[in-house]
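Q: Give me a model of this one.
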Amino acid sequence: MVGFFLWFLGLQATLFGLELTPWVQSWFVVPWTNTLAAISAGIVKLFDPQVLSQGKVLQSTSNGFAVSIEAGCNGVEATIVLVAAILAFPAPWKRKLAGLAIGVVAVQGLNIVRVISLFYLGQWNFNVFEWAHLYVWQALIMLDVLIVWLLWVRTLPRVSPEVPETPDVPAAA
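A: Okay, here's the model as predicted:
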């Protein structure tokens, strides 16, 4: 358990450090954030054609309200925590890869729900928007990471501890 925890912390430190580099920002974080805004706008347009995305901004053309998806709101940090937890946990690589694929989709899917809900909450009531943005959704995204990881761990086969074999000893007469 200590080994898992140390690997988990080390992987998080490494991944968070990489995330802050200019190369990762320009080649991964910024394109992902822009894609998140475009996906969110595409979903919203199914119900409200008065929406557009421009870069990392999701905006209503009818009333001008917009949300800008900034660092910490793009789901990258939550995904890093999940990736570190799955990679650090002792499991076969096939299971880790499946967990990563399903887990990233689950976390990012909920993050899209988060962005869309905040987009509408901001148009309805800015105070509720701020409260939901700063408190409710921060906790829900990290809870999602924890639940996804726990569900993944439960899918792993149980390994029984090694029991040392005792030599056959003849019974006393």
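Q: now stretch 72-85: mean pLDDT?
A: For stretch 72-85, mean pLDDT is 95.
Q: Which residues belonging to that stretch are considered buried?
A: 73-85 (16 or more other CB atoms under 10 Å). C-beta coordinates here come from the backbone N, C-alpha and C atoms, glycine included.
Q: before we move on, what about stretch 118-130?
A: In terms of neighbour count (16+ other CB under 10 Å), stretch 118-130 has its buried residues at 118-119, 121-123, 129.
Q: do stretch 33-49 as well
A: Buried residues in stretch 33-49, counted by 16+ other CB under 10 Å: 33-34, 36-41, 44.
Q: Quick one: residues in contact with it.
A: 51-58, 60, 69, 74-76, 108, 111-112, 115-116, 119 (CB atoms under 8 Å, 6 or more residues apart in numbering).
Q: filter those residues to the buried ones?
A: 51-53, 56, 58, 60, 69, 74-76, 108, 111, 115-116, 119.
Q: can you tell me the average pLDDT over the longest helix along the chain?
A: Assignment by DSSP state H gives helix 93-124 as the longest helix of the chain. Helix 93-124 comes out with an average pLDDT of 96.
Q: Next secondary structure element downstream of it?
A: helix 126-131 (DSSP states H and E).
Q: Residues contacting that following helix, please?
A: 118, 121-122.
Q: Stretch 109-118 too?
A: With contacts defined as CB under 8 Å, 6+ apart, stretch 109-118 is touched by 36-37, 39-40, 43-44, 58, 67, 69, 73-75, 78, 129, 132-133, 137, 140-141, 144.
Q: and these, which of them are in helices?
A: Members of those lying in helices (criterion: DSSP H): 36-37, 39-40, 43-44, 78, 129, 137, 140-141, 144.
Q: could I get those as CSV with distance to Trp93?
A: Formatted as CSV, the ones in helices among the contacts of stretch 109-118 follow (distance: CB to CB, whole Å):
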residue, distance to Trp93
Leu36, 28
Ala37, 33
Ile39, 29
Ser40, 33
Ile43, 33
Val44, 38
Ala78, 23
Phe129, 42
Trp137, 32
Leu140, 30
Ile141, 27
Asp144, 24
